[in-house]
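[1] sequence-free structure coming up:
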């Protein structure tokens, strides 16, 4: 299977969460691209339902060999609905990208996740 066909097959198998919230959802996640060549830059958009109890959000990109995280404070129902995070220069691997929303007492209010594949570039030097 050539690289292009493999990428199309992988993309077809990756579920992408919508950036808009459905009724009753507190948190949605969208990561792009879902498949990339290393070193990859990922854009992560977390959409949060407006609620006075929202206090922070943490985004994690993790593979068996790599870990990167970012967190920001939220000002309850006055916080922006969409928060954008960027993870730069990720090495090859299959990443689990997670968004976790925390409340007043540090309690977990919601968690969503998406898998992303970063493919080695295949350059031979």
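    That came through fine. Quick caveat: nothing in here was measured; it's all calculated off a predicted structure.
[2] could you list the low-confidence segments of this protein?
    1-24, 123-125 (pLDDT under 70).
[3] now do the strands in it.
    Secondary structure of the chain (DSSP state E): strands at 27-32, 35-37, 40-48, 56-63, 66-73, 82-90, 93-102, 108-119.
[4] list the buried residues for the third one?
    By that I understand strand 40-48. 40, 42, 44-48 (16 or more other CB atoms under 10 Å). In short, each C-beta sits where N, CA and C put it, glycine included.
[5] which helices and strands does that strand pack with?
    In terms of contacts (3 or more CB pairs under 8 Å, 6 or more residues apart in numbering; DSSP states H and E), strand 40-48 is packed against strand 27-32, strand 56-63, strand 82-90, strand 93-102.
[6] which of those strands sits closest to residue 75?
    strand 56-63 (10.2 Å; CB to CB).
[7] the closest one pairs with which strands?
    Looking at strand 56-63 with DSSP bridges, its partner strands are strand 66-73 (antiparallel), strand 93-102 (antiparallel).
[8] by how many degrees do the longest one and strand 108-119 diverge?
    Between strand 93-102 and strand 108-119, the angle comes out at 160 degrees (axes from the mean of the first three to the mean of the last three CA atoms, to 10 degrees).
[9] can you list contacts of strand 93-102?
    If you take CB atoms under 8 Å, 6 or more residues apart in numbering as the criterion, strand 93-102 is touched by 26-27, 29, 31, 42, 44, 46, 48, 54-66, 108-118.
[10] buried stuff in it?
    Buried-residue list, strand 93-102, by 16+ other CB under 10 Å: 93, 95, 97-102.
[11] can I get those in a markdown table with distance to residue 76?
    Putting these into a markdown table (distance: CB to CB, whole Å) gives the following:
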| residue | distance to residue 76 |
| --- | --- |
| 93 | 36 |
| 95 | 30 |
| 97 | 25 |
| 98 | 22 |
| 99 | 18 |
| 100 | 17 |
| 101 | 12 |
| 102 | 12 |
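[12] rewinding a little: dump the helices and strands packed on strand 40-48 into a markdown table; add distance to residue 71 as well.
    Shown next, in a markdown table, are the helices and strands packed on strand 40-48 (distance: least, CB to CB, whole Å):
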| stretch | distance to residue 71 |
| --- | --- |
| strand 27-32 | 14 |
| strand 56-63 | 4 |
| strand 82-90 | 9 |
| strand 93-102 | 9 |
